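*Asks:* would you be able to build a 3D model of this:
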Amino acid sequence: MTAVVVGFTMIAVVLVDDVGSGIVEKWPVVVEMVGGDGGGVGGWMVTVQATDQVVEAVELFKKLVKEKICEPNQVMYGTVVNGLCKAGHTSKALELLRFMEASSCKPNVYQYNTIIDSLCKDKMVDHALEIFAKMVEKGVVADVITYNSLIRGLCNFGQDCSKCGKRNLAMDLFDELCLKGLKPNVRTYTVMISVYCQEGLFGIAKEFVRKREENGYLPNSVTYNVIVQEFLKQNEFQEANIFLEEMIDRGFFPDATTFSLLLHLTPSIRQDSPMQTIVQKLVNL
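*Replies:* Coordinates of the predicted model:
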């Protein structure tokens, strides 16, 4: 290991020796003492580089901890976990989380959130739910980011998942989120509107949009397109027309998916329907 002191910053660059005789050119782990004076004051930071050497980086990082070459903190662990997940190595990040759970520096909600979100994006939502349950069991309090990731992950299964129960679980988690006084973000609101429509709960979906407005969350282009699409798919043309008109009045326009649905369903819409006029206007834009 080599160390260079520059002012109040000590940078320790760890190099991997694959064969015991030479040093590889890439640096998989960089450990940095920020704001320190060389005497242990300050915080450690670590970044994962050279993603083709992730296994070596993780093992080397654990070796640094076991041999007490450096004492990692939440920031250091969080940076490594985040870097591994972004590089597509969620399993290695999970391995590091387990290592962290057994150490004196226990994981906080940030590390759990990073892995839960990564698992959900990999469509491994069942595994994410297991991590969530264990996190709560260990006394780590879930925040709005935890719920947002799980809800989106549960709803990311398409129309063929109407009987799998995941949408119902998403609705339960959303209710739990609200009961805890947490505020979902725009993406989660939009996902839930889609879920309610797909479950045939159109009244709740409409009420949901209106309540959002009352709370200062005006629908954006994505929200309008989602709700119009869902109403169209269920042949709820009157409701789709209400939101379509409102959408256009507020300066938003149908995206490619909404426009394609409108054109496809136009023959099914009565000629005297206001939606026919709207479709014609859009075609002539």
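
*Asks:* now do the helices in the protein.
*Replies:* Using DSSP state H, the helices found in the chain span residues 54-66, 74-86, 90-101, 109-121, 125-137, 144-155, 166-179, 186-198, 202-214, 221-233, 237-249, 256-265, 274-283.

*Asks:* okay, these in a markdown table with mean neighbour count and mean pLDDT next?
*Replies:* No exception for glycine: its C-beta is placed from N, CA and C like everyone else's. Shown next, in a markdown table, are the helices of the chain (neighbours: other Cβ atoms under 10 Å; pLDDT from 0 to 100):
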| stretch | mean neighbour count | mean pLDDT |
| --- | --- | --- |
| helix 54-66 | 18 | 70 |
| helix 74-86 | 20 | 82 |
| helix 90-101 | 18 | 88 |
| helix 109-121 | 22 | 94 |
| helix 125-137 | 17 | 94 |
| helix 144-155 | 23 | 89 |
| helix 166-179 | 17 | 87 |
| helix 186-198 | 21 | 82 |
| helix 202-214 | 15 | 82 |
| helix 221-233 | 22 | 88 |
| helix 237-249 | 18 | 87 |
| helix 256-265 | 15 | 85 |
| helix 274-283 | 15 | 72 |
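
*Asks:* measure the nearest residue to residue 125 once chain neighbours are set aside to residue 227 for me?
*Replies:* Computed as Cβ to Cβ, 6 or more residues apart in numbering, the closest residue to residue 125 that is not its neighbour in sequence is residue 153, at 4.1 Å. Applying Cβ to Cβ, to the nearest Å, the value for residue 153 to residue 227 is 21 Å.

*Asks:* again, but for residue 175
*Replies:* Taking Cβ to Cβ as the measure, residue 175 falls 20 Å from residue 227.

*Asks:* what does residue 221 give?
*Replies:* From residue 221 to residue 227 the distance is 11 Å (Cβ to Cβ).

*Asks:* coming back round to it: residues contacting the residue nearest to residue 125?
*Replies:* Residue 153 is in contact with 119-121, 123, 125, 128, counting by Cβ atoms under 8 Å, 6 or more residues apart in numbering.

*Asks:* any idea which of those residues is closest to residue 251?
*Replies:* Comparing those against residue 251 with Cβ to Cβ places residue 121 closest, at 31.7 Å.

*Asks:* ok, now which ones touch the closest one?
*Replies:* Taking Cβ under 8 Å, 6+ apart, one finds residue 153 in contact with residue 121.

*Asks:* return stretch 73-85 as PDB; C-alpha atoms alone will do.
*Replies:* Only the C-alpha atoms of stretch 73-85 are listed here, as PDB (Å, rounded to 0.1, in the frame of the first residue of the first chain):
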ATOM      1  CA  ASN A  73     -17.600   4.500   8.900                       C
ATOM      2  CA  GLN A  74     -21.100   4.700   7.400                       C
ATOM      3  CA  VAL A  75     -20.000   7.000   4.600                       C
ATOM      4  CA  MET A  76     -17.200   4.700   3.600                       C
ATOM      5  CA  TYR A  77     -19.400   1.600   3.600                       C
ATOM      6  CA  GLY A  78     -22.200   3.500   1.800                       C
ATOM      7  CA  THR A  79     -19.900   4.600  -1.000                       C
ATOM      8  CA  VAL A  80     -18.700   1.100  -1.700                       C
ATOM      9  CA  VAL A  81     -22.200  -0.400  -1.600                       C
ATOM     10  CA  ASN A  82     -23.500   2.300  -3.900                       C
ATOM     11  CA  GLY A  83     -20.600   1.900  -6.300                       C
ATOM     12  CA  LEU A  84     -21.100  -1.900  -6.400                       C
ATOM     13  CA  CYS A  85     -24.900  -1.500  -7.100                       C
END
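
*Asks:* take the contacts of residue 153 and lay them out in JSON lines including distance to residue 189.
*Replies:* Output for these, formatted as JSON lines (distance: Cβ to Cβ, whole Å):
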{"residue": "119", "distance to residue 189": "22"}
{"residue": "120", "distance to residue 189": "17"}
{"residue": "121", "distance to residue 189": "19"}
{"residue": "123", "distance to residue 189": "22"}
{"residue": "125", "distance to residue 189": "19"}
{"residue": "128", "distance to residue 189": "20"}
